[in-house]
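Novice: My questions concern the predicted model and sequence given below.
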Amino acid sequence: MLVGAFEHTIDDKNRLTLPARFRESFAEGIVLTRGMDGCVYAYTRAEWDRQAGEFAALDSLDPDGRMLKRFFFASAADDQPDRQGRITLPQALLRHAQLDRDVVVAGVYDHLEIWNRATWSEQLQSMEGSAEDVAQRIAAARD
């Protein structure tokens, strides 16, 4: 399980050092892709294979299915962390998430999210103001 949020930096070669607590999970490789809400998603290879199966099952005749396939697959990039746990972020993903030097790497159960630090702060403020309401709506939808 990937949990916790850590402040890190991207170097001049667009490399990000993964937080130490996550490195073992990504020893077999990492798949990066566009994330929702303006971040980058990072999956282990095994979790990417599972997620890719779900994305691939979307109906290609449906415009929404095509759009989601393009969103996730067209921007996906494989990488292998080096000995220091560094990965290279492609330019397209840096632009998508407006990533600059200061980032937050957040564990979100089955994947990581890589955020511009200022955008992450805005997300936290938004979550703190609405998490209880969202939880109530989800609970009501289950009933």
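Specialist: Received it, and whenever you're ready, just let me know what you need. The shown structure was predicted, so the numbers you read here are calculated from the model rather than taken from an experiment.

Novice: Could you use CA atoms for every contact and neighbour count after this?
Specialist: Fine.

Novice: Now do A139 against D110, distance only.
Specialist: 22 Å (C-alpha to C-alpha, to the nearest Å).

Novice: So these two - more neighbours on which side?
Specialist: D110 (13 against 10; other C-alpha atoms under 10 Å).

Novice: So what does the more buried one look like in phi/psi?
Specialist: Backbone torsions for D110, taken as degrees, to the nearest 10, come to phi -110, psi 0.

Novice: and the helix or strand harbouring A131, what's its mean pLDDT?
Specialist: Here A131 sits within helix 117-142, counting by DSSP states H and E. Regarding helix 117-142, the rounded mean pLDDT is 88.

Novice: Go ahead and measure how far it is from the middle of the chain.
Specialist: From the chain centre to the centre of helix 117-142 is a distance of 17 Å (C-alpha atoms, centre = their mean, to the nearest Å).

Novice: Report the buried residues of it.
Specialist: R117, T119, W120 (16 or more other C-alpha atoms under 10 Å).

Novice: Please name the nearest non-neighbouring residue to the first one.
Specialist: Think R117. Leaving aside its sequence neighbours, R117 sits nearest to V103 (C-alpha to C-alpha, 6 or more residues apart in numbering; 4.5 Å).

Novice: swap in the last one?
Specialist: In space, W120 comes closest to V104 once its chain neighbours are excluded; the distance is 7.0 Å by C-alpha to C-alpha, 6+ apart.

Novice: Identify the residue nearest the geometric centre of the protein.
Specialist: Y41 (1.6 Å; C-alpha atoms, centre = their mean).

Novice: Would you quantify the distance from it to R83?
Specialist: On the measure of C-alpha to C-alpha, Y41 and R83 end up 22 Å apart.

Novice: re the thing from before, now do the SS call for the residue nearest to W120.
Specialist: strand (DSSP: H, G, I helix; E, B strand; the rest coil).

Novice: how about the strands in this structure?
Specialist: With strands called from DSSP state E, the chain shows them at 2-9, 15-17, 30-34, 40-44, 77-79, 86-88, 102-109, 112-116.
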